[in-house]
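Colleague: output the structure for:
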Amino acid sequence: MANARGDLGRARHALVAALGQTIAREEEYAAAVRDLREVLVAIGDMRGALTLDWYTGSEKGQRDLVTSGRVPVIDRARTYLAWADRAEDASRKQALYAKAADEYESAGLVAQAAIARERGGDLYRARALWSRLSQILGASGGDFYAAGLARFNLARTSTRTGEPAAAREAVVAAVHLLEEAADRYETIGQRERAFDCYQVLIAIGRESGEFEHVLEGFVNVIRILREDHLRYYALQSYEEALSAAEKQKEVSAAATLAREMSAYARKEGLPAVANFGTLAQARLWQEVAEASNARGAPPSIAENALLAAVIALGEAGQYGKVGAVYDKLAALDLEEARRKHYTNARKRYTEAQDLRIESQPLPAHLRHEVGFPEVWHVDLVEWEQRGSASQAAGDVVLDPSAWSEVTRRRAMLARLTALAIEAEEEASPGRTAQSGLYVTLAEQLALVELYTILSPLEHLFRRPEREVRIAVVRALSRFLYKRTFITLREALVDGDGGVIQEAAKALEELRFPHAFDPLARIYRESQSSTVRASAVKALARIDTLEAAEMLLSVIEHDGREERQAALEALKRARGAKFVDVAKSALPGLSGAAQSAVREVLRSRGIG
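Modeller: Numbers count the residues shown, from 1 in each chain. Predicted structure coming up:
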C-alpha cells in the first residue's frame, strides 16, 4: 500500500520487517524480496537491490545493475566471481574470472585478484600478484600469518609456472613466517589460529615434497586436537600422518607415529583402533629393519627395530608372530652370543599362537570427511576484507550451495544494514552512523552464526559506544568457536561494567568440549569472582576428564563464590565424567569437600 502511494521509505521499512520472518516459505519470501528490490531501485539504493538479486539468483537483474555503473567496483567483482563459479562453459568461466580479477585489482584488493586469476587458470598473472602481496606484507612486518600465506601462494604458483628456485625461496620464507606466527598465537592462547598455521605447514610439505614440514605440521595438529579433547579428529590425523610418512618412505617416523596413535587410542578407550596402531607399528619396524639391511647399515640398527616389533607384537598378544621376528633377529650379522640368545628365545615361541583380537582403523561413522579449507585463500580474503560486515555477509548470500535459505536470508538482512551504515559514513566523512544501526547489525549478524561472521563482530567490538559492544558480546554467545574467546577476553576487562557483566553471561553459554582450555585460562587469570564463577558454570557443562578434575579442585581449594557456582552447576549437569572422578577421589578429599561432593552426587540420584 505504501509503495502504491509513493511512500517509498515506509514501503522499504515494511518490506524489510517482513523479510525478518526468515522461516517463511520460499515462494512468499522471494516475492517480498522482489517487491523490496523495486523499492530500492526507485530510491536509488543499487547496492541493496543487487544484494537482493544475489539472493534470488536473478542474473538478469544483477547484469542490469552491474553494467549500469551504479554499483561500486567491489560489488561488480564479487558478482563476476559468483557467475564464474557457477558457469558451465569453460571459455565463459575463464572470461568471467578475468573480469573479476580486473575489478578486484582496480580496487587494490590484491589477494582476491590473485585468487580470481588462479581460478581462471592465469597462473603467471596470479604469481605476479602473489609476489606483489608478499612484498607488501614483508615490508609491513606486522602480520606474520598473512605474510606466510602470501609466500605459500607464491610458492604454489611458482611451481606451476616452472620456476623451482623461486618456489623454493618462497617455501623457506613461508615456513619461517608460519612458525613465528604459530609461536605467537600459542603464547597468547590462540591455539586455534596456531592450528591453521600447522595445517598450512602440512600443505607446504606436500606441495614441496619436503616431509619435515609435513611431520612438523601433523605433530602439532595432533597435539592441539588432543589438548582440545577432539579424540576422533586426533586419531584421524594420526592415520593421515601415518599414511603420509609411508608414502614418503619415512618408515621410522611412521612407526613412531603408529606407536603414539596406539597408546592414545588405548587411553581413550578404543581398543580396536589401538590394536590397529600396534600391529601397524610392528609391521613398520620390520620394514625399517629390512631397509637398514638393504643399505648395509650397522646390524644394530636392524636389531633395535626388530626388538621394537617384538614388544609391539607381544603387547597385542601376537605370540606366533613374535617367534617369526626372533628368527629374523637370529639371522642378523651380530656377535655369536646375541645370535644364540635370539635362537633360544625363538624356541620359547615354537608352539605359540596369536590371540584373536579386534583390529581396525577409526570406524567410518566416527570420521569427519569435511576437508580442511584452503586457508591460504580464505584467511587472506578475510584479512583483506578488514572486518567488513557487508562483504562477509555478501559471501554467504552468494553461496546457495553451501548455506541454507534461512542462513542466507539472515546474512542478506545483515548486509542491507551494513550497507546502510556504509552509506551514512560515506555521506558524512569523519562522522559515524547512528549507534542504533550498529546494534541492529550486531543482532542480525548473531543470527547467522557462521565462523566467517566473527571477523565483522570483532571489528564492531572496536566501536566506542557501550551499547554496541554489549550487543556484540551478546551475539558472541551464539558462536561456539574457540576464536570467540579472543574478543570475550577483551570484553571481560572492558572499562565498562555493563560490558563485563554481559561478557560473563556470554561465557556461560560457550560450553563445548574444546572450550575447556580458554575457559580454564580465563578462570586462572581473572581477578573477578563473578567472571570466575561464570567460567566454572560453563566448565561444569563440559563432560571431559580434564574439566571434571578441575571442578573437583575448585570444590576442594578455591573461594566460596567459585565453589558455590561449581556445586550448583554440577547439580544441574548431566555428564558422567565428574561422577566417575568424584567417586574415585572422594576418600582423599577434606571433610568440607567430601560433604559438598556427596551433595552433588545425591542431587543426581547417586548414593
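Colleague: give me the mean pLDDT for stretch 400-408.
Modeller: Stretch 400-408 shows a mean pLDDT of 95 in the predicted model.
Colleague: quick one: the helices in the stretch 151-300 of the chain?
Modeller: With helices called from DSSP state H, counting those that start in this stretch, the stretch 151-300 of the chain shows them at 164-187, 191-208, 211-227, 231-247, 251-267, 271-294, 299-315.
Colleague: so which of those helices comes closest to Ala475?
Modeller: Proximity of the helices of the stretch 151-300 of the chain to Ala475 was assessed by C-beta to C-beta; the nearest stretch is helix 191-208, lying at 18.7 Å. Heads up, the C-betas are built off the backbone N, CA and C, glycines and all.
Colleague: how far away from the center of its chain is the closest one?
Modeller: For helix 191-208, the gap between its own C-alpha mean and the chain's C-alpha mean amounts to 12 Å (C-alpha atoms, centre = their mean, to the nearest Å).
Colleague: quick check: Leu419 touching Arg47?
Modeller: Yes. Taking contact to mean C-beta atoms under 8 Å, the distance of 5.1 Å between Leu419 and Arg47 places them in contact.
Colleague: spit out the contact partners of Gly138.
Modeller: If you count contacts by C-beta atoms under 8 Å, 6 or more residues apart in numbering, Gly138 has them with Ala147.
Colleague: give me the buried positions along the host helix or strand of Val554.
Modeller: Element membership of Val554, judged by DSSP states H and E, is helix 545-557. When burial is assessed from 16 or more other C-beta atoms under 10 Å, helix 545-557 yields the following buried residues: Glu546, Ala547, Ala548, Met550, Leu551, Leu552, Val554, Ile555, Glu556.
Colleague: after that helix, next one along is what?
Modeller: Heading C-terminal from helix 545-557, the first helix or strand you meet, by DSSP H and E, is helix 560-572.
Colleague: packing partners for that following helix?
Modeller: Secondary structure elements in contact with helix 560-572, counted by 3 or more C-beta pairs under 8 Å, 6 or more residues apart in numbering; DSSP states H and E, are helix 529-539, helix 545-557, helix 591-603.
Colleague: can I get it in CSV? Just the C-alpha atoms.
Modeller: The C-alpha atoms that make up helix 560-572 are tabulated as CSV, following Å, rounded to 0.1, in the frame of the first residue of the first chain:
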residue,chain,number,x,y,z
ARG,A,560,33.3,-19.6,48.3
GLU,A,561,31.7,-18.0,45.3
GLU,A,562,33.5,-20.1,42.8
ARG,A,563,32.9,-23.3,44.9
GLN,A,564,29.2,-22.5,45.2
ALA,A,565,28.9,-21.8,41.4
ALA,A,566,30.6,-25.1,40.7
LEU,A,567,28.3,-27.0,43.1
GLU,A,568,25.1,-25.5,41.7
ALA,A,569,26.1,-26.1,38.1
LEU,A,570,27.2,-29.6,38.7
LYS,A,571,23.9,-30.5,40.3
ARG,A,572,22.2,-29.5,37.0
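Colleague: could you pull up the mean pLDDT of it?
Modeller: The average pLDDT within helix 560-572 is 90.
Colleague: next one: that helix to chain centre, how far?
Modeller: So, by C-alpha atoms, centre = their mean, the centroid of helix 560-572 is 31 Å from its chain's centroid.
Colleague: so what touches the helix or strand just after it?
Modeller: Moving toward the C-terminus from helix 560-572, the first helix or strand encountered (DSSP H and E) is helix 577-585. Here helix 577-585 makes contact (C-beta under 8 Å, 6+ apart) with 540, 543-545, 547-549, 551-552, 570, 597, 600-601, 604, 606.
Colleague: now helix 577-585: buried residues?
Modeller: Lys577, Phe578, Val579, Val581, Ala582, Ala585.
Colleague: and the angle from the helix or strand harbouring Arg521 to helix 529-539?
Modeller: Assigned by DSSP H and E, Arg521 belongs to helix 516-525. In this structure, helix 516-525 runs at an angle of 160 degrees to helix 529-539, with axes from the mean of the first three to the mean of the last three C-alpha atoms, to 10 degrees as the basis.
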